[in-house]
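Q: sequence? don't have it. structure:
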């Protein structure tokens with residue numbers, strides 16, 4: 001499709017392949033926006049169970065006065081179950097939301113390419129797999145892009161619109177307009193490992209794990225510093241427990257592998273050992289912390305130690321290390337032309353609830369200060385993890 005080709009923005013049919021929590025949520029979002037939606041899953045009965053769960057969730061919102069009964073009924077009436085990809089009607093958009101397996105995604109996209117016309121936009125909801133690798137299964141890859149929703153899709157505003165190297169600009173613009181029409185906030189990015197959020201967030205987890213691993217402070221104290229001094233809603237050790245240590249490790253490992261095993265993204269032994277033991281966090285009842293009733297039982301932080309660490313040598317300051325690495329990562333992504341500074345900041349605030357965007361934080365701290373911190377860390381821990389972005393050396397993104 002030519003980049004100047006207009007795409008019809010009227011309400012068309014939408015299909016979602018994969019009826020897990022993400023797929024069901026995306027289907028609900030599309031149906032709430034007025035689309036007729038088909039939900040399909042290879043597992044027998046999975047799509048029907050997803051519709052039933054959607055009904056329960058909508059009934060709960062009606063009971064709390066957050067949604068009218070007629071509106072809830074309308075959403076459910078617009079969601080139908082299909083038995084297979086081949087049985088889907090002609091759609092304006094198909095969103096793939098199957099598990100994070102490149103082989104499985106290629107299989108789905110190959111089937112969609114055969115059954116849907118060239119005008120159908122094909123989107124993957126992957127959080128870290130290269131869009132180009134998925135598009136290899138499609139004869140016309142210009143219509144393939146990423147639409148990365150965040151969990152839960154109904155509540156989370158952010159959607160990363162991910163452009164592959166062959167994605168048509170017309171499809172990207174159409175996706176942006178569609179996401180906005182669905183009441184979401186789109187951010188654009190190139191198909192870089194981890195996209196925006198999962199790339200920029202790596203240091204938030206990695207620095208905390210390394211500080212605990214090195215014995216600088218215990219997990220509760222590191223989390224306390226990031227919450228109380230940094231303003232983050234949840235400390236990084238608690239957050240990885242909440243997400244699932246296995247899930248967080250898998251995303252981090254994917255970014256590491258896709259960047260040629262760049263030392264900046266190397267997994268920590270601490271997290272690998274948690275996963276090997278099966279201490280995955282909230283879902284297993286134990287991770288870094290013990291979990292009861294879906295909540296972490298946090299250890300008492302060492303407040304004296306926390307006060308000494310913050311503002312002390314950067315090598316042992318959890319806040320200085322984390323902020324410098326977040327800013328460095330964000331600046332580097334913008335410097336490579338993979339996203340705009342505005343979209344990076346929007347993504348990190350909406351996607352992971354950072355108190356402010358890392359580019360804005362860098363301007364506030366001073367990019368020269370951030371560079372000095374990174375240089376000091378590189379001297380203390382040589383090996384490539386701590387290397388300043390060229391944009392920092394050039395005075396940041398002013």
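A: Noted; the coordinates are in hand. Not measured: the values here are computed from a predicted model.
Q: all contacts plus neighbour counts: C-alpha atoms, from now on.
A: Will do.
Q: where along the protein do the strands fall?
A: With strands called from DSSP state E, the chain shows them at 14-17, 37-40, 79-81, 93-96, 121-124, 144-149, 158-163, 185-190, 290-292, 295-297.
Q: can you list contacts of the fifth one?
A: Applying Cα atoms under 8 Å, 6 or more residues apart in numbering, the contact partners of strand 121-124 are 92-97, 109, 112, 131, 143-148, 171.
Q: just curious, which of those residues is nearest to residue 283?
A: residue 97 (21.4 Å; Cα to Cα).
Q: Once you drop chain neighbours, what's closest to that closest one?
A: residue 18 (4.8 Å; Cα to Cα, 6 or more residues apart in numbering).
Q: Go ahead and confirm that neighbour touches residue 39.
A: Yes. Using Cα atoms under 8 Å, residue 18 is in contact with residue 39, at 7.3 Å.
Q: what number of residues lie near residue 304?
A: Residue 304: 9 surrounding residues under other Cα atoms under 10 Å.
Q: What separation do you get for it and residue 258?
A: Going from residue 304 to residue 258 by Cα to Cα, to the nearest Å gives 41 Å.
Q: top of the contacts of strand 121-124 by neighbour count?
A: That'd be residue 146 among these, by other Cα under 10 Å, with 33 neighbours.
Q: For it, give its distance to residue 126.
A: From residue 146 to residue 126 the distance is 7 Å (Cα to Cα).
Q: again, but for residue 231
A: Counting by Cα to Cα - residue 231 and residue 126 are separated by 29 Å.
Q: for residue 173, same thing?
A: Applying Cα to Cα to residue 173 and residue 126 gives a distance of 19 Å.
Q: Between these two, which is the more surrounded one?
A: residue 126 (24 against 16).
Q: which residue sits closest to that one in space, ignoring its chain neighbours?
A: residue 148 (6.0 Å).
Q: where are the low-confidence patches of the protein?
A: 1-10, 395-398 (pLDDT under 70).
Q: Just give me the neighbour total for the nearest residue to residue 295 once chain neighbours are set aside.
A: Counting by Cα to Cα, 6+ apart, residue 282 is the residue found nearest to residue 295 once chain neighbours are left out, at 7.3 Å. Using other Cα under 10 Å, residue 282 is surrounded by 25 other residues.
Q: The one 4 residues further on too?
A: Counted with other Cα under 10 Å, the burial measure for residue 286 works out to 18 neighbours.
Q: Now do the contacts for it.
A: Residue 286 touches 279-280, counting by Cα under 8 Å, 6+ apart.
Q: for it, which residues make a bridge with it?
A: Applying DSSP bridges to residue 286 gives these bridge partners: residue 281, residue 290.
Q: Contacts only, for residue 325.
A: 203-204, 374, 386.
Q: Please identify the one among those that lies nearest to residue 240.
A: residue 204 (10.1 Å).
Q: got the domain boundaries for this protein?
A: 14-190, 199-393 (automatic domain parsing).
Q: Start and end of the shortest one, how far apart?
A: Chord length of domain 14-190, first to last residue, is 24 Å (Cα to Cα).
Q: my read: residue 263 touches residue 384, true?
A: Yes. Assessed by Cα under 8 Å, residue 263 is found in contact with residue 384 at 5.8 Å.
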